[in-house]
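**Student:** coordinates only, no sequence provided:
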DNA sequence: CGAACTTTTGAGGAGCCTCAACCCCAGTGG
DNA sequence: CCACTGGGGTTGAGGCTCCTCAAAAGTTCG
């Protein structure tokens, strides 16, 4: 793939390749290869080492770990511009799978590490990315360990809405509304949130019934008011079905369901 | 601190400083400063940026996040040779606190980043460390999302036992026994495992009553048989109080409580 | 020894899971 | 054309795990 093909690439602007000069980019893109994975397809098994590293171009990749008796936990979702694969070698012990149709821009591992050694900016960018992933993982640990089922579902919708903010809303009738597609089934959401399918479904229904979200079909979500969703994501009790009664002191309650 | 003082340092052998040549080490150690923190003391608040980066020399540091209503989650424990602080700047949103008395080897942030730029090995070592921390965080996410309370407690004891293996056991009467000190109170264990104090206590008692662990005082744990502890860490049902009845086919059951 | 704190233990309840039925939709084939 | 099938989703009833509340027992330290 010629480097000029990178001009419109999301990884060139937001991802790893933003650390590269034009000729560094050319070196890397010379060995780049696009690969496609259909929804549900495994990209790499745990205990194996990916023979290549990659940028996500489109779609969503899920990283999972399965216990011996079949219990499964999704530990990360990777979106366009995210980096796939463990740079310094060694299997990570997690399975990467396409949640929806995925397109990757892949680099042979040996060639990539060559570039990494030659261009200091790449290693720094990689470190930055890994630190961000670590912070995200820690934030998710708080969710898994300390949040209620209702908060978990709201938090999941919130991070998706924040990812896709700006890409939607127009014409839906709300000023600051956000609309996006769920990249996961209810069962996968459960595996991400540490819940069961039924609990996820019940809480999706509850969020819909109190007006925090609207659903179009199974997978399209509209968030009319991001503040209400944000409140629901860190508030154990979600009493108010509609607007809460105004408080005597005129202050707005922290939790507004 | 003269670089010669690093000779016996754990970070020099297992930690970040193992990536340094003697004169690189000298450059860094010239600006190193030891700091001590008493148990319970805060090292850095969330939303603040540590003015320095550090290696843990002794003790245990806990990284925590607290929700607005007070719910708390410990997201990482840092042991000797571990690296404290976010290298590329910016507050991480987590609070670092000394779980027990802690000694750090600290470097002014600006000076450290100078060395980081000059010595490529440092950045690589840092990336390696961050990748390892990310894997550990993901493994913990599996625990938080999918393991039972009994498995959680067993898993926690297991990682401690693995950390301290070799440092104990002699004279306790068991061949492969491991003995170690708990660096956390029951309440802190609860915050690490996503449980309550009472549930931690009950499961510690249960592990003791079925012989998987022995306790000397509140904080000293002896693991007579690491395999039984390992089995208990990933097995939802822990029926067998002693040895399970031998199976007809002579195979050993996966779960042996 | 007594006060403050941590840990253990118990009783009861809530939240989430388990099991099961049913709905919707898309594909398939008689 | 429609029964059949399978996957995904929703809803309900009941139960289990873990949380909450409470009190006693053990530990630490003045």
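**Tutor:** Perfect, I can see it now. Quantities reported herein were computed from a predicted structural model and do not represent experimental measurements.
**Student:** elements contacting the top helix by length along chain A?
**Tutor:** If you go by DSSP state H, chain A has its longest helix at helix A:120-146. Counting contacts by 3 or more Cβ pairs under 8 Å, 6 or more residues apart in numbering or on different chains; DSSP states H and E, helix A:120-146 packs against strand A:72-78, helix A:109-118, helix A:149-164, strand B:61-66, strand B:72-78, helix B:120-146. (Glycine included, C-beta is placed from N, CA and C.)
**Student:** which residue is the nearest non-sequential neighbour of whatever residue of the stretch 151-257 of chain A ends up closest to chain B?
**Tutor:** As assessed by Cβ to the nearest Cβ, chain B sits closest to residue A:194 within the stretch 151-257 of chain A, at 3.0 Å. Once flanking residues are discounted, residue A:194 sits nearest to residue B:145: 3.0 Å by Cβ to Cβ, 6 or more residues apart in numbering or on different chains.
**Student:** burial of the one you found, as a residue count?
**Tutor:** 26 (other Cβ atoms under 10 Å in any protein chain shown).
**Student:** need the per-residue pLDDT for it.
**Tutor:** Per-residue pLDDT puts residue B:145 at 98.
**Student:** residue A:165 versus that one, what's the distance?
**Tutor:** 26 Å (Cβ to Cβ, to the nearest Å).
**Student:** same question for residue A:220.
**Tutor:** Taking Cβ to Cβ, one finds residue A:220 at 15 Å from residue A:165.
**Student:** one more: residue A:89?
**Tutor:** 36 Å.
**Student:** now swap in residue A:132 and tell me
**Tutor:** 18 Å.
**Student:** could you check the pLDDT of whatever residue of the stretch 1-150 of chain A ends up closest to DNA strand D?
**Tutor:** Using Cβ to the nearest atom of the strand, the single residue of the stretch 1-150 of chain A nearest to DNA strand D is residue A:40, 7.7 Å away. According to the prediction, residue A:40 has pLDDT 94.
**Student:** list the contacts of the closest residue to it other than its chain neighbours.
**Tutor:** Using Cβ to Cβ, 6+ apart and skipping residues adjacent in sequence, the residue nearest residue A:40 is residue A:98, 6.6 Å away. If a contact means Cβ atoms under 8 Å, 6 or more residues apart in numbering or on different chains, then residue A:98 has A:37, A:38, A:39, A:40, A:41, A:42, A:43, A:59, A:60, A:61, A:62 as its contacts.
**Student:** now the first one. Its backbone dihedrals?
**Tutor:** So that's residue A:37. Dihedral pair for residue A:37: phi -130, psi 130, per degrees, to the nearest 10.
**Student:** host element of the residue in the stretch 51-200 of chain A that DNA strand C sits nearest to?
**Tutor:** Nearest residue of the stretch 51-200 of chain A to DNA strand C, counting by Cβ to the nearest atom of the strand: residue A:199, 3.1 Å away. Under the criterion of DSSP states H and E, residue A:199 resides in helix A:197-209.
**Student:** is chain B within reach of that helix?
**Tutor:** No - using Cβ under 8 Å from any Cβ of the partner chain, helix A:197-209 never reaches chain B; the gap is at least 12.6 Å.
**Student:** residues near residue A:67, how many?
**Tutor:** 16.
**Student:** domain-wise, how is chain A divided?
**Tutor:** A:3-143, A:147-232 (automatic domain parsing).
**Student:** next, the distance between the ends of the last one.
**Tutor:** To tie it back to what came earlier, the one meant is domain A:147-232. 11 Å (Cα to Cα, to the nearest Å).
**Student:** for that domain, the distance to its chain's centre please.
**Tutor:** Relative to its parent chain, domain A:147-232 has a centroid offset of 13 Å by Cα atoms, centre = their mean, to the nearest Å.
**Student:** so it, near DNA strand D or not?
**Tutor:** Yes - using Cβ under 7 Å from any atom of the strand, we find that domain A:147-232 touches DNA strand D at A:185-187, A:197-198, A:200-202, A:204-205, A:215, A:218-219.
**Student:** just put those in TSV and tack on neighbour count and pLDDT.
**Tutor:** As requested, the residues of domain A:147-232 next to DNA strand D are exported to TSV (neighbours: other Cβ atoms under 10 Å in any protein chain shown; pLDDT from 0 to 100):
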residue	neighbour count	pLDDT
A:185	15	98
A:186	17	98
A:187	13	98
A:197	14	98
A:198	10	98
A:200	24	98
A:201	16	98
A:202	15	98
A:204	21	98
A:205	11	97
A:215	14	96
A:218	11	92
A:219	13	94
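**Student:** mind putting those into a markdown table with distance to residue B:178?
**Tutor:** Converted to a markdown table, the residues of domain A:147-232 next to DNA strand D look like this (distance: Cβ to Cβ, whole Å):
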| residue | distance to residue B:178 |
| --- | --- |
| A:185 | 43 |
| A:186 | 43 |
| A:187 | 39 |
| A:197 | 40 |
| A:198 | 41 |
| A:200 | 40 |
| A:201 | 44 |
| A:202 | 44 |
| A:204 | 46 |
| A:205 | 49 |
| A:215 | 52 |
| A:218 | 50 |
| A:219 | 49 |
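**Student:** for the stretch 51-200 of chain A, which residues are neighbours of DNA strand C?
**Tutor:** So the stretch 51-200 of chain A meets DNA strand C at A:148, A:149, A:150, A:194, A:195, A:196, A:198, A:199 (Cβ under 7 Å from any atom of the strand).
**Student:** can you list the weak-confidence ranges in the stretch 51-200 of chain A?
**Tutor:** Low-confidence segments of the stretch 51-200 of chain A (pLDDT under 70): A:166-175.
**Student:** now with 90?
**Tutor:** Across the stretch 51-200 of chain A, the ranges flagged by pLDDT under 90 are A:51, A:88-92, A:111, A:113-122, A:163-176.
**Student:** just the buried ones from the contacts of residue A:98, in PyMOL syntax?
**Tutor:** To isolate the buried members of the contacts of residue A:98 in PyMOL, using 16 or more other Cβ atoms under 10 Å in any protein chain shown:
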select buried, chain A and resi 37+43+59+60+61+62
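**Student:** nearest to residue B:141, of the contacts of residue A:98?
**Tutor:** Closest approach to residue B:141 among the contacts of residue A:98 (Cβ to Cβ): residue A:62, at 12.8 Å.
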